[in-house]
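J.: Prediction below, plus the sequence it came from.
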Amino acid sequence: MRPVYALAGGVSKFAKSRPDKTFQAVVKEAYDQAIRDLGLEYAAFNRLVDGSVASYFSDHFTRQLMAGIMAQDYLGLVPKPSHRVEGGGATGGLCFQEAWKSVASGHMDICVAYGFETMSHVETWKGNEFIALASDVSFDYPVGGFYSGYYAMMVTRHMQEFGTTVEQMAMVSVKNHRNALHNPYAQKSNRYSVADVRAAPMVAWPLTRLDICVMSDGAAAAILVSEEGMRKLEAAGAKITRPLVRVTGIGRGTDAMRMSDRPHTDYDTFMADYATEQERSSADTQAYYRKLWDKGTRYPGVHSFRAGRTAGNMAYRMAGIQDPLNELDFVELHDAYTSSEIQTYEDMGLCRYGEGGPFAASGKAFLPGLDYGLELPDQPVCPVNPSGGLIACGHPVGATGLMQAVFAVWQLQGSIPQHFGDPSLQVQGARRGAIHSHAGTGTYVTVSILEQAG
Amino acid sequence: MPKLPNRREESLGGFIVHGVPFPRQTDPASLALLKQMTPLQIEQEYCITYLHSYGQDSPWFAGLANKRLLASRDPVTGYTYATPRGHDMGSGGETEWIDITDRPAQVHAFTVCYFGSEEFLPETPYVLALIEFEGVDTLLLTRLMGVDPEKAALDWIGMRVAPRFLRNSKLKPTDVYFVPA
């Protein structure tokens, strides 16, 4: 495998509805921005790019099969190679990693990953039905298929196992909506209080409307290159932003589609197969987990995402990360629900299983220098979703994981002030970050590590 | 040679369009103004009836129609799935059917859905629950009846429950639901 760099990216502003353009033209907005950032003419870049990977989740939303090739031809990329990837909510994360593979393997020197979703073409509740069809249509969907309901069941178990509270979940919503006040690409932003989140209409107990991301129209694109690809672009006149951003780790995991099928493993299996290196090497953590298991906890059950833990461990191993909380400067993770952000803190080893709720309320995942209107006992350590995450930015499924990649590139370039027109969300001194993309109830999860090179 | 139809049949169906703006002339200046036009949106219908096969899981649904709740068990390891699987995840071997209708059961996790997919909106608020059974390794997703959705509380977890079956089977997983035991 050879080094892969994420050079540039673009994001269309995520919106509830984009009837002004077809999905191909919205993809082009993101693609145009990525090329503009390289300082190249459109035609010059299109001559050099070797191929692409397209990502969108549901054919139902567009009522159009093979929408990927329609974006490819609108961008003027035919007859170059391309394929579409699909893996539910993780589609964008999978797309980013497929582009990485194309470059790392030597198959391409310059590859563009683009993704989109147009969810506004159907009513919200029909959209929820389409999404719920990404659950087993024999056993799960007909019982009352509703993804917010599935995640709500998972968090009731998390609350029962670990004492997680709805107020801790609400703090995630407060943080992410507040961060997004400084992100012009975000669909939503606001100064909410914990009380506001709890007073919002109940969707699936205990999750309220402000605990849940919204549906969006939008697109994102990221350009990945080898060192040879970079030379070709510079020879054509590209002004490549430095410091360079290198993709140093990728990881993926999966789990059973029906969460009812997930195992409930014992302590020894958890420690052998799923514990992080950090957890395995700590006698204190071993004793902590032993106590949890003695009380009846089993792993992953429905309270934790084994795919997320698997993806994180794999990516950390590749990037040489031992202590994620202190070795990552920020994380953009898949917070389709406030509860899943808390569950993901644990999966990604930012804290131990069972400590996600207190971690959310600690302040460690907040940005310094912003007034959240909350009493936070700890200083920020590793801001999570400095962009506002899915809860505020929106979730046009096929674009979401790529949006995270673009925001991560901008963080590591130090170009958030330029791209957002506001310096507030720039993580000072950011050298390494993680992006995390997650499909329905944790079926596919990707974690990718990006860091400044040299 | 028979005369071929050269005219499409007309019908009264279609879209009623209320005043679509368009320039009277198609000179370059007028055409350039079209860039400012608001998008046209039309309705497209999409309605399909699928013939869905339950395949190797069919006996489970036949069991519900006969008021029996079946589960799948690996004959070698005894690992048992409350939601049926034709083959075991570990051994890859074919599972066998067992009857768990009368096993002690309790709520493992739950929610009350106040919204839902379009198909289920008329049924809100409804309670979804994952049920665990004594001696069974995995869970079953079901509807929980006989509890007040407005009084949802974490202590529903662990509640003893029992299956109840529809008298008139619909051959769906909702042919069984659970009520407090």
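T.: Great, that's in hand.
J.: could you say which helix or strand contains the residue in the stretch 1-150 of chain A positioned nearest to chain B?
T.: Nearest to chain B, among the residues of the stretch 1-150 of chain A, is A:Glu129, at 3.7 Å (CB to the nearest CB). Placement of C-beta: from N, CA and C, glycine included. Assigned by DSSP states H and E, A:Glu129 belongs to helix A:124-132.
J.: Give me the buried positions along that helix.
T.: A:126-132 (16 or more other CB atoms under 10 Å in any protein chain shown).
J.: And the strands in chain B, which stretches?
T.: B:70-73, B:80-81, B:96-99, B:105-113, B:126-133, B:140-143, B:160-165, B:176-180 (DSSP state E).
J.: let me redo that: the stretch 151-300 of chain A
T.: If you assign secondary structure with DSSP state E, counting those that start in this stretch, the strands in the stretch 151-300 of chain A sit at A:202-204, A:207-208, A:217-225, A:245-254, A:264-265, A:299-300.
J.: Adding mean neighbour count as columns, could you present the ones you listed in CSV?
T.: CSV is the format used below for the strands of the stretch 151-300 of chain A (neighbours: other CB atoms under 10 Å in any protein chain shown):
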stretch, mean neighbour count
strand A:202-204, 24
strand A:207-208, 24
strand A:217-225, 31
strand A:245-254, 22
strand A:264-265, 18
strand A:299-300, 24
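J.: Out of those strands, flag the one nearest A:Thr91.
T.: Closest approach to A:Thr91 among those is made by strand A:217-225 (11.3 Å; CB to CB).
J.: circling back to that earlier point, among the strands of the stretch 151-300 of chain A, which comes closest to chain B?
T.: strand A:202-204 (4.7 Å).
J.: How about residues contacting the closest one?
T.: Strand A:202-204 has contacts (CB atoms under 8 Å, 6 or more residues apart in numbering or on different chains) with A:146, A:148-149, A:151-152, A:208-209, A:211-212, B:111-115.
J.: B:Ala162 - nearest residue in space that isn't next to it in sequence?
T.: B:Ala181 (4.3 Å; CB to CB, 6 or more residues apart in numbering or on different chains).
J.: contacting residues around that neighbour?
T.: B:105, B:160-162.
J.: Isn't A:Leu224 up against A:Leu7?
T.: Yes. Using CB atoms under 8 Å, A:Leu224 is in contact with A:Leu7, at 7.3 Å.
J.: returning to what we had before: hmm, which of the contacts of B:Ala181 are the buried ones?
T.: Buried by 16+ other CB under 10 Å: B:105, B:161, out of the contacts of B:Ala181.
J.: what's the closest of the contacts of B:Ala181 to chain A?
T.: So of those, ranked by how close each gets to chain A (CB to the nearest CB), first place is B:Ala105, at 13.0 Å.
J.: What's the local residue count around the nearest residue to A:Ala170 once chain neighbours are set aside?
T.: Closest residue in space to A:Ala170, ignoring its immediate chain neighbours: A:Val197 at 3.7 Å, by CB to CB, 6+ apart. Using other CB atoms under 10 Å in any protein chain shown, A:Val197 has 23 other residues around it.
J.: what's the angle between the helix or strand hosting A:Gly10 and strand A:245-254?
T.: Per DSSP H and E, A:Gly10 falls inside strand A:5-11. For strand A:5-11 against strand A:245-254, the angle by axes from the mean of the first three to the mean of the last three CA atoms, to 10 degrees is 80 degrees.
J.: The helix ranked longest in chain B packs against which elements?
T.: When chain B is parsed with DSSP state H, its longest helix is helix B:58-65. When contacts are defined as 3 or more CB pairs under 8 Å, 6 or more residues apart in numbering or on different chains; DSSP states H and E, helix B:58-65 packs onto strand B:70-73, strand B:96-99.
J.: Swap in 7 Å and give it another go.
T.: On a contact count with 3 or more CB pairs under 7 Å, 6 or more residues apart in numbering or on different chains; DSSP states H and E, helix B:58-65 meets strand B:70-73.
J.: which helices and strands sit right next to the strand it packs on?
T.: helix B:58-65, strand B:80-81, strand B:96-99.
J.: Please identify the deepest-packed of the ones you listed.
T.: Comparing those on average neighbours per residue, with mean count of other CB atoms under 10 Å in any protein chain shown, the densest one is strand B:80-81 at a mean of 22.
J.: I'd like the average pLDDT over that one.
T.: Mean pLDDT, computed over strand B:80-81, is 98.
J.: now stretch A:82-102
T.: Computed over stretch A:82-102, the mean pLDDT rounds to 98.
J.: For stretch A:408-427, measure first residue to last.
T.: End-to-end distance for stretch A:408-427, by CA to CA, to the nearest Å: 10 Å.
J.: Name the residues that touch that stretch?
T.: A:6, A:9, A:179, A:182-184, A:241, A:243, A:245, A:329-330, A:332, A:367, A:370, A:383, A:386-387, A:430, A:433, A:435, A:450-452 (CB atoms under 7 Å, 6 or more residues apart in numbering or on different chains).
J.: which parts of chain B sit against chain A?
T.: Taking CB under 7 Å from any CB of the partner chain, the part of chain B that reaches chain A is made up of B:39, B:41, B:44, B:46, B:54, B:57, B:81-83, B:108-121, B:126, B:128, B:130, B:138-143, B:152, B:154, B:157, B:172-174.
J.: buried subset of those?
T.: B:54, B:57, B:81-83, B:108-120, B:126, B:128, B:130, B:138-143, B:152, B:157, B:172-173.
J.: Just the strands from the stretch 351-454 of chain A, written as ranges.
T.: Assignment of strands within the stretch 351-454 of chain A using DSSP E, counting those that start in this stretch yields the ranges A:432-438, A:444-452.
J.: I'd like the C-alpha coordinates of the longest one written as CSV, please.
T.: Meaning strand A:444-452. What follows is strand A:444-452, C-alpha atoms only, in CSV (Å, rounded to 0.1, in the frame of the first residue of the first chain):
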residue,chain,number,x,y,z
TYR,A,444,-21.7,-1.3,8.6
VAL,A,445,-19.3,1.1,10.4
THR,A,446,-16.2,2.8,9.0
VAL,A,447,-13.5,4.7,10.8
SER,A,448,-10.8,6.6,8.9
ILE,A,449,-7.9,8.4,10.4
LEU,A,450,-6.5,11.6,8.7
GLU,A,451,-3.5,13.4,9.8
GLN,A,452,-1.1,16.2,8.8
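J.: Just want the angle from that strand to strand A:5-11.
T.: 110 degrees.
J.: packing partners for strand A:444-452?
T.: helix A:91-104, strand A:245-254, helix A:306-319, helix A:397-413, strand A:432-438.
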